Structures are given as C-alpha cells and as structure tokens.
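>>> return a 3D structure for these sequence lines:
(2 chains)
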Protein chains: 2
Amino acid sequence: MTEEILLSHGEGGKRTRDLVRTLIVTRFGNPILAPLLDSGLLGPIEGEIAFTTDSYVVTPPVFPGGDIGRLAVCGTLNDLAVCGAKPVAISCSLILEEGYPVKNLVRILDSMRAAAQEGEVLVACGDTKVVERGKGDGIFITTSGVGALLPGWRPSPRAVSPGDRVILTGTMGDHQVSVLVARNLLEISAKVLSDVAPLSPMLLEILARFGADVRFMRDPTRGGVGVSLIEMAESSGRRIILEEALLPVSPAVRGVCEILGFDPLYLANEGKAILLVSPSASDAVVSALRCHSYGRGAAVVGEVADGPPGALLRTAVGGLRAVDYPVGDQLPRIC
Amino acid sequence: MTEEILLSHGEGGKRTRDLVRTLIVTRFGNPILAPLLDSGLLGPIEGEIAFTTDSYVVTPPVFPGGDIGRLAVCGTLNDLAVCGAKPVAISCSLILEEGYPVKNLVRILDSMRAAAQEGEVLVACGDTKVVERGKGDGIFITTSGVGALLPGWRPSPRAVSPGDRVILTGTMGDHQVSVLVARNLLEISAKVLSDVAPLSPMLLEILARFGADVRFMRDPTRGGVGVSLIEMAESSGRRIILEEALLPVSPAVRGVCEILGFDPLYLANEGKAILLVSPSASDAVVSALRCHSYGRGAAVVGEVADGPPGALLRTAVGGLRAVDYPVGDQLPRIC
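Okay, here's the model as predicted:
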C-alpha cells in the first residue's frame, strides 16, 4: 500500500481491489460484505423496513471526541433509531482526495468499525472513489442504513397531544463546538468533546419498554434542538413550548457561545435525541434514559401546549418568544 | 431560490428546508419521502433483501447520452439487478460545491427522476451537503439501493461450470469514451453516446424466464469487461475464455481507442451486463435479451473452460493471452 491515496485507487483496477481487500474487507469483515458482489445480500428482514442516508463532509475530519468515521456510522444509526428501526446493515461510500494520507484513512476506518460494533450493525456494502487534488477535501463519507421497525411502533407525529412532555437526552451543542474549536479559528482552548454516539441501543430499549407512550423522536443534528423543534411542531401540527431554564448546556459550551454570540439552541448535536412522550410516562422515560451512558443528562425540557402550531421558548424571566429558523449564517460543514 | 448554491443551503436551516422542499420533494414526490422523517419507511419487503451503494464523481457531470444523475440512479439499479434483486427504493445524497448553478442541479435532478421512473423505483430518502468553493467539484452524488431478490434465484458463482457461455449484452466502452470526448481534452469529434441505462427491467425478466440457467451476472463498469471477467473467474474458481473476434465494439469507440491506444476491454460501461449461462439456454437468453432496447447487441462472447482459474482472451489470430489487470493508469473519474 502506498502512503498516500492515488487516483488509481479509484479506477477499478488492481490498486482499487488491493485497497478494498486490505483496508476495508479485513476491517469490516463479515459474510455479507466479503464476497464483494455488486450488492450485499442481507437475507430476509422481518417487519417494516426503514431506509436512510447521509453524506458527511465535516472539517476537520478528526475533532475532539470523534471523527468523520464515527460520525457517519452514528448519524445513520441515529436516523434509523429515531424512526424506531433496529439497524440491520449500513453502507460505506468514500470519496477520497488524491494525496490523502492512508494512515488517516486507516484511523477513520478503525473508528467506523468501532462505532458499528458499538451500534450492533454490520457494514454490508461500500464504494471508493478518488478525485484529483483540489477537487475534494480529504475525505467525504456517505453512509446509508437499512433497519427493521420495532413491531407495533411507528413515528406518530399526529398522535402528539397537549400535555405531552419534551424530553432531551442531554446537553446541547457539544458536537458543533468541538468542531469549531478543532478548526483553530478561535483563540479558544475550551475542552469540549463531541457527543457523537450511536443512540440505537438506548432508544430501542426505551421504545420496547415505553413505546405506547413515545409519540415521536428526532435527533437534533444540523440546526440543533431549535430547528428540530420547529419541524416537530410542524409535523405534529402542535404548539411546543421549551423552558429555557431547563435546557442543558455544559459550562464549556456556554462559555464558547457567550464569547462568539452563538445560541446553543441552534448548534448541532450528534448523540442526542428529542422525544415527545405522554405525561404519565415521562418521569419513567427520563429515569430509564439516565441509566444509559448516552442518556445520563436526560431531562424534561418542555411541553406540548394548546394553541396554534409552532415552537416557543419560555425565557428565564418568563416571557414567551417564537423559536424561528436561525437568522444569518451558522457555520457550515459541521457534519 | 438563488441562482447559485450557497453554503447556507447545507446548514440545516431555512435555506436547506426550502431547497429540499422546492427542488427535491416535489420532483421525487412520493408518500415515503414526503413526510421528511429521518428515515424513509418502506413497509415490509417480502423475500431476501439486497443492499448496495455507489458514489458518483464523474467529470464533466453532463456528457453525451447522460449525466451524473442518470448515472447515479442506473448504477445502483444495475448493481441490484445483477444480484437478482428487484429495486424497491433508492436514496439520493448530494455533495454540492458552493456556487454550483441551481439550474444545473435542476437538470440533474430531472434526469434522476426520469431514470428512476424508467427503472421503476422510488427515491425514499436523501441528504444535501454543501462544501466551500474549491473543496468539491460541482456535484457528487451517492445513491444506495434496497431491492428484493427474485424468489429462487441467487448469484451462484460456484455453480459456474465448464461449457457455460459468456453473454455480453452489447458494445464495450461507450460510456467511458463519451466522457473522454466530453472532457474536450482530445481533438476528437467522435459522436459516442454513453450507454448509461437501467438494466433491471431487462435482467429481471431474463431471470424470471431463464433463472435456472443463469449462474452469475456482473455489470462491467470501472475496469470494463476485462476486470469484471477477472473477478468472475476468481469468484467462480473457473477459467473463462473470451473470443476477441466476438467482442462487440462500435466503430466510433474503436476509432477513438486506436487513436489513443486504449483497449476497449478495460473501458467502463454503464448499461451493459455480463451473464454466465448454461450452454443449453444461451441462444434463448441471447434472443430474449435482443428483444430489449438495452440488449439489442447481446451476443455470446466466450465460454467457461476446463483448466486453472483465470480469464483468457483468444485473439483474432487464434493465440491465447491472459486477461490481466490493466497496466498503467486508465483515466480517472469516469463514473
């Protein structure tokens, strides 16, 4: 193997074959990927199927608490999990820039393998393309995921009712701030780790125990809790009120936000979920979430109310203001 | 909608939402994509599931006979079809470069829609990311596909036996030559159209009629018929002999190859398949393929022989030479 990625690694010949066999098949080795057919043959899947995809272009590709590989696996698992789907298989498609160090790729693939093991999913198919220097940015990864819905549960935004509680599984903004700090644009030495994590084991256990009381879930990635809440209010046709005083933010993230003028409500998370849950079950759901390492900071942060659809924030001093799409540009390429 | 893609189209806020709703949901509109959940809910799928993915980085993104959108849809459908899977759903994940003209994106999305309709598949989920100017190359598309295997048929490289025929569904190299001509690097005005096409309707009909006689199929994309044959010989543990005189190449492609010193055996195709078929059925399979517009040039081009595994070419003058991985670099970014 060369030290750097060459254009010929993407041409489909011997170098492509060697790269795929040496770095990828060995790493993700499983009987579905290994025959290197044009598709991974997953066998029959019982129940209803969920299917999702995301491309990851985060810069820098390695940041405190994670890297683009972990992000790509977790992001896809979380998109399945919030729809109530147990992950069955994911794909891994790489777009590499000529000259990308092979040792960085190896580190990222190791990280994907670890995240896939943690999230209990196998990598069933993949692809590798290489673009010339200056036509990419090191590494982009696209993952797709196939999952099987838990029997009897489906996302039901239309079942959301006044009185339902809004549960957030932990602090806001850790992922985006960790990426910003890693960019070194700022004279900030805050120690903030990305929250990137596979939520499927935790969320699927919650659904198995409390499914009848969980109406609808989202993972607040790009656009943060704010934009996710706007979209949840829209899908459910309900008014959702967040309590500013209850929204968890770590001191380090709060410090960075104060210096830079960011609102943590709109910062991306990669290991958090928002659950809309019936009032009678919300305390039990919070307790159950807190038993998981990725749910230790779970809390009720708001409530569904009567009134016209939309997301509102009750400020610390008691006023109500609309949660709207953020004005002006946030920072790009955080996932 | 602005005339050019902005970074904020990828930030997850209002511009992202407007782009997705205006350009994408309306175009691919179907009840699985439309709710914009974190996953597309496909419902139950009977039978065994196949799953595949590919990233497309072709330059230029529009070439004679097709564009990156048609390529992305057809490539994924063909990877399912050669494994015997009827396409159920595909994903569409875009990585756009800041400044990319929205009208070009619209053209490519229209082309994806048309190819998906032709290939009888729906777009169930997607994602859009934007990278800064100089960090991408206009547009990259990653598609994944989920399909259901035809009952009773699975790719069976180990069932390939001496005497089996090698069927190629048409001429070699049209896709790669059309892209090379489109690059304008050459003072060549050859009229060569890419063969990019969805083969699933044709191949699935063949399997439904002749499944017991079809052992194994591949679509010879990157690396061409040559590399696909090497890999088929390896998977089946058989010796495969191609007859040079029977390999179909259009006069225009042959002309370009002679000028540039390319061997059409290694040029990429995007609308062709190689089938290994029992000798008793091969004439009937060729006749059936020729009834389809994408199989009009189908022919037997070789045979599985006794002897050690490997791919060989019987030249026009009767000698046998090994088909090996191409030496030296082919041209990159042709798919």
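
>>> helices of the stretch 201-335 of chain A, start to end?
With DSSP state H, counting those that start in this stretch as the criterion, the stretch 201-335 of chain A has helices at A:224-236, A:251-260, A:282-290.

>>> which ones are touching residue A:300?
Residue A:300 makes contacts with A:165, A:166, A:167, A:246, A:282, A:286, as judged by C-beta atoms under 8 Å, 6 or more residues apart in numbering or on different chains. Just so you know, the C-beta spots here come from the backbone N, C-alpha and C atoms, and that holds for glycine as well.

>>> of the residues you listed, closest to residue B:28?
Nearest to residue B:28 among the contacts of residue A:300 is residue A:166, at 31.2 Å by C-beta to C-beta.

>>> tell me the confidence at the closest one?
For residue A:166, the pLDDT comes out at 98.

>>> who's the closest spatial neighbour of it, skipping the chain neighbours?
Distances taken as C-beta to C-beta, 6 or more residues apart in numbering or on different chains put residue A:302 closest to residue A:166, at 3.7 Å, once the chain neighbours are dropped.

>>> what number of residues lie near that neighbour?
Residues within reach of residue A:302, counting by other C-beta atoms under 10 Å in any protein chain shown, total 26.

>>> what is it paired to in the beta sheet?
Judged by DSSP bridges, the bridge partners of residue A:302 are residue A:166, residue A:242.

>>> so what pLDDT did whichever residue of the stretch 1-150 of chain A sits closest to chain B get?
With C-beta to the nearest C-beta, the shortest gap between the stretch 1-150 of chain A and chain B falls at residue A:12, namely 2.6 Å. Per-residue confidence (pLDDT) for residue A:12: 89.

>>> what about it, neighbour count?
A count of nearby residues for residue A:12, using other C-beta under 10 Å, gives 26.

>>> distance of the residue nearest to residue A:166 from residue A:22?
Residue A:302 is 50 Å from residue A:22, where distance means C-beta to C-beta, to the nearest Å.

>>> cool, and residue A:301?
Distance of residue A:301 to residue A:22, given as C-beta to C-beta: 47 Å.

>>> excluding chain neighbours, what is closest to residue A:141?
Leaving aside its chain neighbours, residue A:141 sits nearest to residue A:72 (4.2 Å; criterion: C-beta to C-beta, 6+ apart).

>>> neighbours around that neighbour, how many?
When neighbours are counted by other C-beta under 10 Å, residue A:72 registers 30.

>>> give me phi/psi at it?
Backbone torsions for residue A:72, taken as degrees, to the nearest 10, come to phi -70, psi -40.

>>> tell me the contacts of it?
Applying C-beta under 8 Å, 6+ apart, we find residue A:72 in contact with A:54, A:56, A:92, A:112, A:141, A:142, A:143.

>>> pull out the buried residues from the contacts of residue A:300.
Neighbour-count burial (16 or more other C-beta atoms under 10 Å in any protein chain shown) applied to the contacts of residue A:300 gives A:165, A:166, A:167, A:282, A:286.

>>> so which elements touch the strand of greatest length in chain A?
Using DSSP state E to define each element, chain A has its longest strand at strand A:85-97. Here strand A:85-97 touches strand A:40-44, helix A:68-81, helix A:102-118, strand A:122-131, strand A:139-149, helix A:200-210, strand B:48-56, strand B:139-149, going by 3 or more C-beta pairs under 8 Å, 6 or more residues apart in numbering or on different chains; DSSP states H and E.

>>> of the ones you listed, which is nearest residue A:314?
Comparing the helices and strands packed on strand A:85-97 against residue A:314 with C-beta to C-beta, the closest turns out to be helix A:200-210 (25.9 Å).

>>> and that closest one, what's buried?
For helix A:200-210, burial by neighbour count (16+ other C-beta under 10 Å) applies to A:200, A:201, A:202, A:203, A:204, A:206, A:207, A:210.

>>> what about residue A:244, neighbour count?
Using other C-beta under 10 Å, residue A:244 is surrounded by 16 other residues.

>>> you'd agree it is up against residue A:319?
No: Residue A:244 lies out of contact with residue A:319 (C-beta atoms under 8 Å); the separation is 9.5 Å.

>>> from the chain's centroid, how far away is stretch A:90-109?
Its chain's C-alpha centre and that of stretch A:90-109 lie 20 Å apart, by C-alpha atoms, centre = their mean, to the nearest Å.

>>> list the buried residues in it.
For stretch A:90-109, the neighbour count (16+ other C-beta under 10 Å) marks A:90-100, A:102, A:104-105, A:108-109 as buried.

>>> among those residues, which one sits closest to residue B:236?
Set against residue B:236, the nearest of these by C-beta to C-beta is residue A:91 (25.2 Å).
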